[in-house]
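Student: heads up, no residue letters with this:
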């Protein structure tokens, strides 16, 4: 099969799996709270590689409808990890094309009531297709960003479930970064070879943690936080909150965000309530600014920001907490400044696959 045939073959498979795929999302990191539960799906998954000359076989034969162990011999593969360096098999390290993962997990019966269930991947390089119990729930392209999907209607509550992931590491002219796939003659046929011009190895696989987590029916979906230092002892935090809701009596009602800011000792140093657009600001007196390492005796100081979503009748809907630092960033023609002090950048692009040179 020529390289054109390879691409056409793969394109046909994408048509098969691309139907009615919900756009990806996933800005807030999963965190437990009074209204949320989080379970990790990290650990050992089952793993198989596709035939490089037939990368879409698993899609056409619907490997996602059953355990991978029933269609090929599987090996255990840790998640998160780059599959290239886990084994001593050169064929796995240099594999070009699709690989498959699957594992089983349970969903508590308690999650079926008044909650939404989400599946989140921190990163899968380069392109990912995800099935739950044989049903496609999401696809994502570009391996450096998180993505997630609501799986409330796909999981079985109080029962065992199966998640299947097809990961494609092929880089072509339209990917980021770009690459090229070509054929190289070898004894007995040809080999599919991936080439690229960047100076690091094309590591692939499920690179970051996988989480299953819950939110209320109406929940805090996104939080945007900015800050500045008005003067040496006073800081300001500005926040914008986006809410998503499926319960009509909640989503259509007036909502408010109550915010509390805690220092490292757990003491409330600022609090406030948002406006009708769920935006607001906090003033922090005797502020401890965020400083980079070596620029202050106490670098990287972070406050904890607690956001509580309430209805107009003061019913608590959701709670989310995140760490925030207070700083001011400015720049001019000659310098980049943090809190008014210039920063000297000492290095760039230290790649993990070269301990000595660090490129």
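Tutor: Perfect, I can see it now. Just so it is clear, the model here is predicted, and its values are computed rather than measured. Numbers count the residues shown, from 1 in each chain.
Student: phi, psi for residue 69 please.
Tutor: Dihedral pair for residue 69: phi -60, psi -20, per degrees, to the nearest 10.
Student: stretch 62-80: which residues count as buried?
Tutor: 63, 64, 68, 71, 72, 74, 75, 77, 79, 80 (16 or more other Cβ atoms under 10 Å). Every residue, glycine included, has its C-beta placed from N, CA and C.
Student: could you list which of those residues belong to strands?
Tutor: Among the buried residues of stretch 62-80, DSSP state E puts 75, 77, 79 in strands.
Student: surely the first one is in contact with residue 44?
Tutor: No - taking contacts as Cβ atoms under 8 Å, residue 75 lies outside contact range of residue 44: 9.7 Å.
Student: okay, the buried residues of stretch 62-80 in a markdown table with pLDDT and distance to residue 234 next?
Tutor: Below are the buried residues of stretch 62-80 laid out as a markdown table (pLDDT from 0 to 100; distance: Cβ to Cβ, whole Å):
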| residue | pLDDT | distance to residue 234 |
| --- | --- | --- |
| 63 | 97 | 59 |
| 64 | 98 | 56 |
| 68 | 98 | 58 |
| 71 | 95 | 63 |
| 72 | 94 | 63 |
| 74 | 98 | 59 |
| 75 | 98 | 58 |
| 77 | 98 | 51 |
| 79 | 98 | 45 |
| 80 | 97 | 41 |
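Student: closest one of those to residue 208?
Tutor: residue 80 (5.0 Å; Cβ to Cβ).
Student: and the closest residue to that closest one other than its chain neighbours, how many neighbours does it have?
Tutor: Setting aside the residues directly before and after it, residue 80 is nearest to residue 208 in space (Cβ to Cβ, 6 or more residues apart in numbering), at 5.0 Å. Residues within reach of residue 208, counting by other Cβ atoms under 10 Å, total 19.
Student: packing partners of the longest strand along the chain?
Tutor: In the chain, assigned by DSSP E, the strand with the most residues is strand 218-231. Judged by 3 or more Cβ pairs under 8 Å, 6 or more residues apart in numbering; DSSP states H and E, strand 218-231 is in contact with strand 234-245, strand 303-311, strand 316-324.
Student: nearest to residue 199, of those strands?
Tutor: Taking those one by one with Cβ to Cβ, strand 316-324 is closest: 33.6 Å.
Student: quick check: domain ranges of this protein?
Tutor: 3-215, 217-342 (automatic domain parsing).
Student: and stretch 205-224, which residues are buried?
Tutor: So for stretch 205-224, counting by 16+ other Cβ under 10 Å, buried means 205-221, 223.
Student: in which helix or strand does residue 104 reside?
Tutor: strand 98-106 (DSSP states H and E).
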